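**Student:** Provided below for reference: sequence and predicted model.
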Amino acid sequence: MNITSLASVQNAIGAPGLPGAIGGTAQAGSPGSFGSTIRNAMDSIDQQQVAADQEVAKTVAGESPDLHRTMATLQMADLSFQLGLQIRNKMIDAYQQVMQMQV
């Protein structure tokens, strides 16, 4: 299991104090905009999905006898997708609440 990919999930949820996180501090010399943070999180989710697809293809072709690694990769990709989906839902809820405010 690749532990370094879990850091991207922490960055996506905005763990306080982590550079580049939504709620964290920006890295020195980088703009740290909200849009770039979201784009990086989406790229990370996409990379995990691609890695999971590649692991499944290797297992089906018989190139990878390690079924445990394949299942772990699939679970990590699923969890990161579910996290991204929940963040999207919260952002849509927040947008709808702001749009319902009377000025």
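**Tutor:** Thanks, I have it.

**Student:** where's Pro65 relative to Ala41, distance?
**Tutor:** According to Cβ to Cβ, to the nearest Å, Pro65 and Ala41 sit 33 Å apart. Every residue, glycine included, has its C-beta placed from N, CA and C.

**Student:** neighbour-wise, which of those two wins?
**Tutor:** Using other Cβ atoms under 10 Å, the more surrounded residue of Pro65 and Ala41 is Ala41, with 23 against 10.

**Student:** What pLDDT is listed against Asp66?
**Tutor:** If you check Asp66, the pLDDT there is 85.

**Student:** So what's the residue count around it?
**Tutor:** 12.

**Student:** same question, Arg88
**Tutor:** Around Arg88 there are 12 residues (other Cβ under 10 Å).

**Student:** For Met42, which residues are in contact?
**Tutor:** Gly84 (Cβ atoms under 8 Å, 6 or more residues apart in numbering).

**Student:** buried stuff in the helix or strand it falls within?
**Tutor:** In this assignment (DSSP states H and E), Met42 forms part of helix 34-61. For helix 34-61, a neighbour-count test (16 or more other Cβ atoms under 10 Å) marks Thr37, Ile38, Ala41, Ser44, Ile45, Gln48, Ala51, Ala52, Glu55, Val56, Thr59 as buried.
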